[in-house]
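Chemist: Model the following, please.
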Amino acid sequence: MPDEAQFMCVTPMPNTELWRQVTEKGYPMDANVDYTRLKQAVFGTENFTKEEMNNLAKEARQRYNLARKKYAFSHPFSFSARVYFNEKARGVLPNKIKRLVRKFQRVLLKI
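Modeler: Numbering: from 1, shown residues only. I've put the predicted structure just below:
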């Protein structure tokens, strides 16, 4: 499972092919678009409103984050490896890491 994923709505930039398509089809587009914040939909289509597209992107982010957490906790070796490399990078002693992994296995996995 990838460590990171991004789900955003497409924003047509001026003088691009997408911009021309949006204006030709007459999709309602926000007049004042902030091109530094591209997570929100700025136009609706015949199939989706802006609010529906924003909700779909938000739901995709939430579902990915939940799946990532489930994956990490259901695969102890993956979780252990992440703990090991994160702690090693911070300079924590290996014995502390082993204790942390054992505690994780006892408490959460009930081994």
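Chemist: Val22 - how many residues pack around it?
Modeler: 19 (other Cβ atoms under 10 Å). Backbone N, C-alpha and C define where each C-beta goes, glycine included.
Chemist: and what of Phe43?
Modeler: Per other Cβ under 10 Å, the neighbour tally for Phe43 reads 21.
Chemist: give me every residue that touches it.
Modeler: Taking Cβ atoms under 8 Å, 6 or more residues apart in numbering as the definition of contact, the neighbours of Phe43 are Pro12, Val22, Tyr27, Pro28, Met29, Asp30, Lys50.
Chemist: who's in contact with the nearest residue to it once chain neighbours are set aside?
Modeler: Ranked by Cβ to Cβ, 6 or more residues apart in numbering and with sequence neighbours excluded, the top spatial neighbour of Phe43 is Met29, at 4.0 Å. Under the criterion of Cβ under 8 Å, 6+ apart, the contact partners of Met29 comprise Pro12, Val22, Thr23, Val42, Phe43.
Chemist: So which other helices or strands are in contact with the helix ranked longest in the chain?
Modeler: Longest helix in the chain, counting residues (DSSP state H): helix 50-74. Judged by 3 or more Cβ pairs under 8 Å, 6 or more residues apart in numbering; DSSP states H and E, the packing partners of helix 50-74 are helix 76-90.
Chemist: Now the helix it packs on: average pLDDT?
Modeler: Averaged over helix 76-90, pLDDT sits at 61.
Chemist: Which ones among the contacts of Phe43 map onto helices?
Modeler: Members of those lying in helices (criterion: DSSP H): Val22, Lys50.
Chemist: Buried ones from the contacts of Phe43, can you make that a PyMOL selection?
Modeler: Here is the PyMOL selection string for the buried members of those, based on 16 or more other Cβ atoms under 10 Å:
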select buried, resi 12+22+29+50
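Chemist: Having no further points to raise, I will conclude here.
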